[in-house]
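Asks: please find the sequence and the predicted model below.
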Amino acid sequence: MRSPELLWPDARAAVREAAASDPAAAVTATPMPWDRHLRAAALASVAMAVPERVVTNETIAAGAGVTEQWIVHRTGVHERRQVSPGERLQDLAAAAGRQALDEAGVLPADVDLVLVATLAADELTPNCAPLVAHDLGAAKAGAMDVSAACTGFLSALSLATAQVEGGRADNVLVIGADVLSRFIDPADRGTAALFADGAGAALVRPAAEGEGRIGHIVLHCDGAGAQSIQATHEEQRIRMQGHDTFKAAVTRMSESTLDAARLGGLELDDIGLFVYHQANARILAAVGERLGLDPERVVNSIDRYGNTSAATLPIALADARERGMLEPGTNVLLAAFGAGFTWGAGVIEWAA
């Protein structure tokens, strides 16, 4: 993938010009700390962790008053994973994070920052990220949760990339994890059939010579769509206006796909794999049709894992790797759309 050169302004030149017109300025003229090249960031690993408990369409259909065929037709989901009583989001996130660190060959003690993208932390406070960092033994790491609903992992990945590019961190663990079964009304067919539980993780670090790089990540929002996907403190149940969400998701992910490709200097034909938020199989198909994509280049993991919100992108990426869909040097587009509305996309060169 061609990555445009990223440069900070030449602060020294600006200082010299100021000193030439005002000799007194030379007294305080010192090179600015941002007078340097940004280094590239790379995705060094990807991993996933899902609950052992498999929930079939038969179970969901009985509670929602629909048929199993209705669920498959409307969502593309055949089965999903849900936590058992007593199982914590923290445990899923830590399991995915531990695998990502092992795969990247990074010790927990060398992690500088842990980011957990989630809307379903086990407690109102503390956040999930410091608990995960503690479980992993990342004693020197900073830790924070990132809340952007289904766009959470992509948002956290953007933050991690900036930290590494700017030299403020060398190893950033990015985790997307959600346990949405806690917030589902079993009688609501629009959400009960769709949402599920899981976690995925990736390690972001400086790109080595010849290693795939993380390109531009574009992020957008439109709060006017807030009512379309909502869960209030009082009810604590996700309510979704399916038709409005469908139209917005298809439009925004299609637009951001084109934006991310353009910023990377790429045509869609240069992208080997498209990993979209696993919102709904019909949304995946609609985006693919709008952009003229070969269905074999669009990852579909929703059939086995459902919509795991912030976890769908890393889960889909890890699943694609396990299915042999990724080769070193492949340009991979990631895109997501979620409540808020929030959405975005970015391109990475696969090298893990």
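Replies: Received it, and whenever you're ready, just let me know what you need.

Asks: pLDDT below threshold where in the protein?
Replies: 1-37, 210, 352 (pLDDT under 70).

Asks: quick one, strands of it?
Replies: 41-49, 54-56, 79-81, 113-117, 142-146, 172-179, 197-206, 214-221, 229-230, 239-240, 273-276, 331-338, 342-349 (DSSP state E).

Asks: any idea how far Ala199 is from the most centrally placed residue in the chain?
Replies: For the chain, the residue nearest the mean C-alpha position is Phe153 (2.3 Å; C-alpha atoms, centre = their mean). Remark: distance between Phe153 and Ala199 (C-beta to C-beta, to the nearest Å) = 10 Å. In short, each C-beta sits where N, CA and C put it, glycine included.

Asks: spell out which residues are contacts of both of these two.
Replies: The contact sets of Phe153 and Ala199 overlap at Ile175, Gly176, Ala311, Pro314 (C-beta atoms under 8 Å, 6 or more residues apart in numbering).

Asks: ok, longest helix in this structure?
Replies: The single longest helix within the chain, with elements called by DSSP state H, is helix 242-263.

Asks: and that helix, which residues are buried?
Replies: By 16 or more other C-beta atoms under 10 Å, the buried positions in helix 242-263 come out as 242, 245-246, 248-250, 252-257, 259-261, 263.

Asks: what's the farthest-apart pair in those?
Replies: Gly242 and Leu263 (31.3 Å; C-beta to C-beta).

Asks: the stretch 1-150 of the chain: helices as residue ranges?
Replies: 11-21, 57-64, 68-75, 89-104, 128-136 (DSSP state H, counting those that start in this stretch).

Asks: can you put those helices in a markdown table and add mean neighbour count and distance to Ala281?
Replies: Compiled in a markdown table, the helices of the stretch 1-150 of the chain are given as follows (neighbours: other C-beta atoms under 10 Å; distance: least, C-beta to C-beta, whole Å):
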| stretch | mean neighbour count | distance to Ala281 |
| --- | --- | --- |
| helix 11-21 | 13 | 51 |
| helix 57-64 | 17 | 13 |
| helix 68-75 | 17 | 6 |
| helix 89-104 | 24 | 23 |
| helix 128-136 | 23 | 29 |
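
Asks: among those helices, which is nearest Trp343?
Replies: That would be helix 68-75 among the helices of the stretch 1-150 of the chain, by C-beta to C-beta, at 19.8 Å.

Asks: what's in contact with that closest one?
Replies: Contacts of helix 68-75 (C-beta under 8 Å, 6+ apart): 56-58, 60-61, 64, 77-78, 189, 193-194, 280-282, 302, 307.

Asks: what's the closest of these to Val347?
Replies: Among the contacts of helix 68-75, and counting by C-beta to C-beta, the member closest to Val347 is Ile302, at 21.7 Å.

Asks: the closest one - how many residues pack around it?
Replies: When neighbours are counted by other C-beta atoms under 10 Å, Ile302 registers 27.

Asks: hmm, back to that, ok, and the closest non-adjacent residue to the residue nearest to the centre of the chain?
Replies: Of all residues not flanking Phe153 in the chain, Gly176 sits nearest, at 3.3 Å (C-beta to C-beta, 6 or more residues apart in numbering).

Asks: residues in contact with that neighbour?
Replies: 116-118, 152-153, 156, 199-201, 308-315.

Asks: check the gap between it and Gly166 for me.
Replies: Taken as C-beta to C-beta, the span from Gly176 to Gly166 is 22 Å.

Asks: how about Thr59?
Replies: Separation of Thr59 from Gly166 (C-beta to C-beta) stands at 48 Å.

Asks: could you do Gly65 as well?
Replies: Distance from Gly65 to Gly166, by C-beta to C-beta: 52 Å.

Asks: who has more neighbours, these two?
Replies: Remark: of Gly65 and Gly166, Gly166 carries more neighbours, 14 against 11, as counted by other C-beta under 10 Å.

Asks: do I have it right that Val146 meets Leu154?
Replies: No. Between Val146 and Leu154 there is no contact under C-beta atoms under 8 Å: 9.7 Å.

Asks: these two - which one has more neighbours?
Replies: Shown here are Val146 and Leu154; by other C-beta under 10 Å, Leu154 has more neighbours (31 against 25).

Asks: what's the closest non-adjacent residue to the more buried one?
Replies: Nearest non-adjacent residue to Leu154 (C-beta to C-beta, 6+ apart): Ala336, at 4.7 Å.

Asks: which residues does that neighbour bridge with?
Replies: Gly344 (DSSP bridges).

Asks: quick one: contacts for it?
Replies: Per C-beta under 8 Å, 6+ apart, neighbours of Ala336: 150-151, 153-154, 253, 276-277, 312-313, 342-345.

Asks: how far away is it from Gly324?
Replies: 24 Å.

Asks: how close does Gln90 sit to Arg323?
Replies: 29 Å.

Asks: kindly report the same for Phe153.
Replies: 20 Å.

Asks: what does Asp112 give?
Replies: For Asp112, the distance to Arg323 - C-beta to C-beta - is 32 Å.

Asks: many thanks, we can stop here.
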